[in-house]
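A.B. asks: have a look; sequence and predicted model below, questions after that.
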Amino acid sequence: VDLRDFDNNYLFATFGSFKIAGETEKYKLILGAFVNSTAGDSLTIHNNMPFTTQDRDNDQYSGNCATSFKGAWWYKDCHWSNLNGLYLRGAHESYADGVNWKTGRGHKYSYKMAEMKFRPV
């Protein structure tokens with residue numbers, strides 16, 4: 001995972017493996033071990049969670065995290081990261097509805113750029 005903030009600082013998080021299950025498992029996220037990071041680990045908590053959208057509520061929250069936090073993601077109850085949130089241009093007052101990475105700049109900062117990269121092993 002690569003992140004860039006609005007001051008052009010680059011942050012990253014690396015995992016041993018990254019898989020997405022098929023439709024029958026609701027596109028569940030399957031992560032390997034956390035390897036290293038300059039942004040901390042805000043993704044492992046979402047490991048083994050199915051993908052939630054506004055019309056497919058697969059999270060453990062009593063409501064729908066995708067609706068509450070403005071983007072589809074592998075929510076648990078709800079999130080430490082959401083790279084599909086609103087593009088809010090840095091610091092914001094609203095809680096956790098931007099392009100967030102909790103262990104980076106927290107739930108009230110939305111990143112300029114976020115990329116999830118993977119390659120064959």
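C.D. replies: Structure received. Residues are numbered from 1 along each chain as shown.

A.B. asks: need the contact partners of stretch 19-35.
C.D. replies: 13-18, 41, 43-44, 46-51, 56, 58, 74 (CB atoms under 8 Å, 6 or more residues apart in numbering). (Each C-beta comes from the backbone N, C-alpha and C, glycine too.)

A.B. asks: so among the residues you listed, which ones count as buried?
C.D. replies: 13-15, 18, 41, 43-44, 46, 49-51, 58, 74 (16 or more other CB atoms under 10 Å).

A.B. asks: narrow those residues to those in strands?
C.D. replies: 13, 14, 15, 18 (DSSP state E).

A.B. asks: the helix or strand of the chain with the lowest mean pLDDT pairs with which strands, parallel or anti?
C.D. replies: In the chain, the helix or strand scored least confidently by mean pLDDT, DSSP states H and E is strand 18-20, which has a mean of 93. Using DSSP bridges, the strands paired with strand 18-20 are strand 29-31 (antiparallel).
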